[in-house]
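# Kindly return the folded structure for what I paste below:
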Amino acid sequence: DWSATAIAANPGAIPDPAGYFAGGYATGYAIYGTVDKFVFADDSRTTLGTGLSPVRTYTTGMANSGTAGYVAGGYNTVWAMLDSVEKLSFTDDTLSTLSAVLSGTRHGLGAMANSGTAGYICGGSGGANLTTVDKLAFADDSMTTLGTGLSAARNYVAGMANSGTAGYLGGGRASGTVTTVDKFAFSNDSRSTLGTGLAAATYWMAA
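The predicted model follows:
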């Protein structure tokens with residue numbers, strides 16, 4: 001009942017909770033821009049009419065839950081590295097390209113998100129492995145680079161988050177494959193490195 005005094009206004013479209021898979025590298029050396037959507041209520045899949053532009057692989061993704069998803073960096077079809085970030089609006093499944101870009105072109109990145117506040121795009125390779133952590137403010141989609149990056153330059157890392165508290169970047173390749181897990185406190189973006197890392201040195205994993 002939108003006339004109830006407890007509700008100030010109709011909030012507009014409320015999207016069905018869903019998850020999205022975007023881009024990637026497939027057999028036949030094809031790089032895809034396809035975006036598949038899975039509705040959580042019934043696990044049904046649809047493929048969006050408009051996909052990533054440019055198509056990309058070795059990329060990373062994160063979400064501002066309930067609002068939008070983001071896909072950043074990677075390689076395009078001619079194996080040029082990208083610094084662009086695409087945004088998927090959850091209200092209408094439209095895609096747009098942000099005016100803000102990563103601090104450099106790179107692939108093999110990891111990402112984590114503090115929903116409602118900011119997302120972080122971490123590490124990767126821009127020709128050499130990087131410690132870089134770029135921060136995307138969800139309020140205005142502006143990009144900054146943290147003064148403190150990863151504890152060591154590495155690519156093919158995996159990221160996860162305890163939204164509202166901290167994000168974690170694990171594994172990857174530095175001079176060799178590592179077990180390292182770095183923790184970023186969302187309250188002040190400070191970094192620490194966990195005393196206990198992965199059970200085995202690993203890269204190309206998921207988190």
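# Skipping its backbone neighbours, what lies nearest G197 in space?
T179 (3.6 Å; CB to CB, 6 or more residues apart in numbering). For glycine as for every other residue, the C-beta is placed from the backbone atoms N, C-alpha and C.
# buried set for the host helix or strand of G24?
For G24, the host element (DSSP states H and E) is strand 18-26. Under the neighbour-count criterion of 16 or more other CB atoms under 10 Å, strand 18-26 has 18, 20, 22-25 buried.
# Check stretch 197-207 too.
Neighbour-count burial for stretch 197-207 [16+ other CB under 10 Å]: 197-198, 202-203, 207.
# Out of those residues, which is nearest to G33?
A207 (24.0 Å; CB to CB).
# Show me where this structure dips below the pLDDT cut-off.
By pLDDT under 70, the weakly predicted segments of the chain are 1-14.
# Mind doing that once more with 50?
Applying pLDDT under 50 to the chain picks out residues 1-8.
# just how off-centre is stretch 47-64 within its chain?
Remark: stretch 47-64 is offset 10 Å from the chain centroid, using CA atoms, centre = their mean, to the nearest Å.
# From start to finish, how long is it in a straight line?
21 Å (CA to CA, to the nearest Å).
# Ok, stretch 122-142 next?
Note: stretch 122-142 ends 16 Å apart using CA to CA.
# For it, buried residues please.
Of the residues in stretch 122-142, 122-126, 129-136, 138, 141 count as buried by neighbour count, 16+ other CB under 10 Å.
# And these, which is closest to Y29?
S125 (20.1 Å).
# who does the closest one bridge with?
Per DSSP bridges, the residues bridged to S125 are H107, N129.
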